[in-house]
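*Asks:* I would like the atomic coordinates for the input below:
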Amino acid sequence: MLCLLEKLIVVTVATKETDGFKRFLRSAKHFNYTVLGRGQKWKGGDYMGAPGGGQKVRLLKEALEEKEIQDKIILFIDSYDVVFASGPKELFKKFQQARHKVVFSSESLIWPDRHLEDKHPHVREGNRFLGSGGFIGYAANVKEMVAEWTGEDNESDQLFFTKIYIDPAKRKSINITLDSKCRLFQNLHGSLDEVVLKFEDGRSRARNLLYNTLPSIIHGNGPTKLQINYLGNYIPNTWAFETGCMVCHKELRPLTTLKSEYPLVVIGIFIQQPTPFVTVFFERLLKLQYPKNRLKLFIYNQEVHHERHVSSFLRDHGRLYQDVKFIGPEEEMDAAASRNMGFDMCRKDKDCEYFFSVDIEVVLKNENTLKILLEQNLPVVAPMITRAGRLWSNFWGALSEDGYYARSEDYVDIVQGRRVGVWNVPYVSSVYLMKASLLRSELTDYELFNSHSLDPDMAYCHNVRSKGIFMYVTNMHTFGRILSTENYQTSHLHNDLWQIFVNPLDWQERYIHENYTRITKDKLIETPCPDVYWFPIFSEVACNHIVEEMEHFGRWSGGNDTRIQGGYENVPTIDIHMNQVNFEKEWHKFLLEYVAPITEKMYPGYYTKAQFDLAFVVRYKPDEQPSLRPHHDASTFTINIALNQVGPDYQGGGCRFLRYDCSIQAPRKGWALMHPGRLTHYHEGLPTTAGVRYIAVSFVDP
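*Replies:* Numbering: from 1, shown residues only. Below you'll find the model as predicted:
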């Protein structure tokens, strides 16, 4: 057996090193197959969609004249869309069991000439038709079979072999049979419903359910390239439940080993619609762990609303980068044209090694994202990002027949982190890294994002797939998420304040105090007066934005208040109510999410739904309203949040509880005072003697 195994030679025709061919070689190397045949220019026609491939037969015929392979066992297979699922020992054993000198792969569909169907011999069970994408046989028999080839390189190899097979005399003379039950070869075209992944003992195989076989070679023939890509994520021994990804660390290119400078990367930033937290996006861009002198920026902004955000970033930080190109809304460039231009900027720049495309709604939490993607050393790779609480992500696991989204069997497991690895997928969007060499070789068409029927991202991915270039998504690290831009309104000064429902995580990170989550663990709640609790709740940005929003609105009011039921306030203040700026729903959500848990902890047995009639921002000024006379609040409990800082912003101020003769005279910015409103906590606002003091007050459960 060992002697025979040493005689097994894999012969293929590979005219260039595509991603598919590299995958084929990796699978062959994994099982120690000996592979011959590569590097000749392809002349075999477009055999993907029409009959062709005669060059393969000619090259095989020429190879069989070489003395060193005349006594070999020849395994002749395609390579761009093939993976080995088992080793030579298993394959040879199955070949011997077939009891013929030449064994062809089989198909359930006849191609390319349907008129020859009746001439195919019937089989007791299994596929009846020959597939030319793979066969195994003794060199002498294979040589006899191809001796008759006199055709052109663009003629059909499948038709040539079919005519030999359906000729009874030739079939008997050469001793040909079909692998009808897919024991050696599995052609996927026409058989997708029969083939499933099988995980067992830390290994991954493809199982043919119809014949209960484990094929040794999987071939994504015809229109099944996406399916072989899917199976290639697991086979051979690429990923298994017991081990996870077994190849994800093998071909990394660590940046620490580079002898020269880091690769030059063009970062393309695309703003196509009004988007929340744009300022935060640019803050994260600045924190990206990569030398800024090795980065060039291409910024496309279609939205007038975001001009101030972009110009502020470029004014303050643009000089840090090697170069910046900016396309503004006045240029009226559409999304496809902007992306084409960004790619071409990199394509024409001889120093550009990668293009990193990032849409403005992407939240990159991982500061090492760019380094991680570069080290993957892949043609196109995206960091997996998701939308919080949903199965939406920036990749598709499969495509429908018309080229739109379809859910692959493993999609949910990948999105939810139950399967972790680097995945070959048919579509990526929002954020991905691409090798610039592809733009100068395979993807030279300027209009990669243009299509009459597809959106720009789909058009781009279609063009990438059509060139046989693989796209990957990695969930080996946590990278971030993507914002929802649905119904984002731009009518306010700080529109992000209204995002507590739509993008709650981003709202919390922006507006809730960094120590809020540590309140219970680190006992950050203070008790400055009896039954008065003091704790951090708002970030500095939140305080500033609320004050600026109210001053921008500008309609400060005192007593005889027509904004509330009855038109009367017990103790009138100079204030603006939350409902005046259409913020009452968001404020109620804030109270429920961030105040109610503290209330229920500090006042055991009391549970609140955080209802309120009065929630407002108060302004104290020495020449306007410096203080507030003693009073009870119309509430079960009251929240009073300091929105600016004593000292830098104002002098004096504070709150005094008369019953306890207890004062808080230096409120901390962003901290909340929580106290009972009725009966026990009669209180007053102490005079503001200079500057302007702002507080946010809520009378909860009136």
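*Asks:* can you pull out the low-pLDDT segments for the stretch 1-150 of the chain?
*Replies:* Along the stretch 1-150 of the chain, segments meeting pLDDT under 70 span 1-5, 37-52.
*Asks:* what about the strands in it?
*Replies:* When assigned using DSSP state E, counting those that start in this stretch, the strands of the stretch 1-150 of the chain occupy the ranges 8-11, 35-36, 73-77, 82-84, 102-107, 129-138.
*Asks:* report the buried residues of stretch 614-629.
*Replies:* Using 16 or more other CB atoms under 10 Å as the test for burial, stretch 614-629 gives 614, 615, 616, 617, 618, 619, 620, 622, 625, 626, 627, 628. In this view, the C-beta of every residue, glycine as well, is placed from N, C-alpha and C.
*Asks:* give me the below-cutoff pLDDT ranges for the protein.
*Replies:* 1-5, 37-52, 558-570.
*Asks:* would you map out the domains in it?
*Replies:* What the TED database lists as the domains of the chain is 1-245, 265-482, 495-700.
*Asks:* next, the distance between the ends of the shortest one.
*Replies:* For domain 495-700, the first-to-last residue distance is 25 Å (CA to CA, to the nearest Å).
*Asks:* how many neighbours does residue 491 have?
*Replies:* 7 (other CB atoms under 10 Å).
*Asks:* is it within a helix or a strand, and which one?
*Replies:* Residue 491 belongs to no helix or strand when elements are defined using DSSP states H and E.
*Asks:* could you check how far it is from residue 65?
*Replies:* Here residue 491 is placed at a distance of 79 Å from residue 65 (CB to CB, to the nearest Å).
*Asks:* now residue 229
*Replies:* 36 Å.
*Asks:* now the strands of the stretch 1-150 of the chain as JSON lines including distance to residue 253 and mean neighbour count?
*Replies:* Below are those laid out as JSON lines (distance: least, CB to CB, whole Å; neighbours: other CB atoms under 10 Å):
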{"stretch": "strand 8-11", "distance to residue 253": "28", "mean neighbour count": "20"}
{"stretch": "strand 35-36", "distance to residue 253": "24", "mean neighbour count": "16"}
{"stretch": "strand 73-77", "distance to residue 253": "30", "mean neighbour count": "25"}
{"stretch": "strand 82-84", "distance to residue 253": "23", "mean neighbour count": "25"}
{"stretch": "strand 102-107", "distance to residue 253": "36", "mean neighbour count": "26"}
{"stretch": "strand 129-138", "distance to residue 253": "33", "mean neighbour count": "25"}
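*Asks:* so which of those comes closest to residue 371?
*Replies:* Closest of the strands of the stretch 1-150 of the chain to residue 371 is strand 82-84, at 30.1 Å (criterion: CB to CB).
*Asks:* can you list the strands that that closest one pairs with?
*Replies:* strand 217-219 (antiparallel) (DSSP bridges).
*Asks:* contacts for the very next helix or strand once past the partner strand next, please.
*Replies:* Sequence order places helix 225-232 as the next helix or strand after strand 217-219, per DSSP H and E. Outside of helix 225-232, the residues within contact range by CB atoms under 8 Å, 6 or more residues apart in numbering are 23, 81-83, 188, 192, 195, 197, 206, 218-220, 238, 397-399, 408, 410, 424-426, 465, 470.
*Asks:* rerun that using 7 Å as the cut-off
*Replies:* 23, 81, 83, 188, 192, 197, 206, 218, 220, 398-399, 408, 424, 426, 470 (CB atoms under 7 Å, 6 or more residues apart in numbering).
*Asks:* then stretch 172-184?
*Replies:* 91, 94-95, 98, 100-106, 123, 125-127, 130, 136, 141, 144-145, 165, 185, 208, 211, 213, 215-217.
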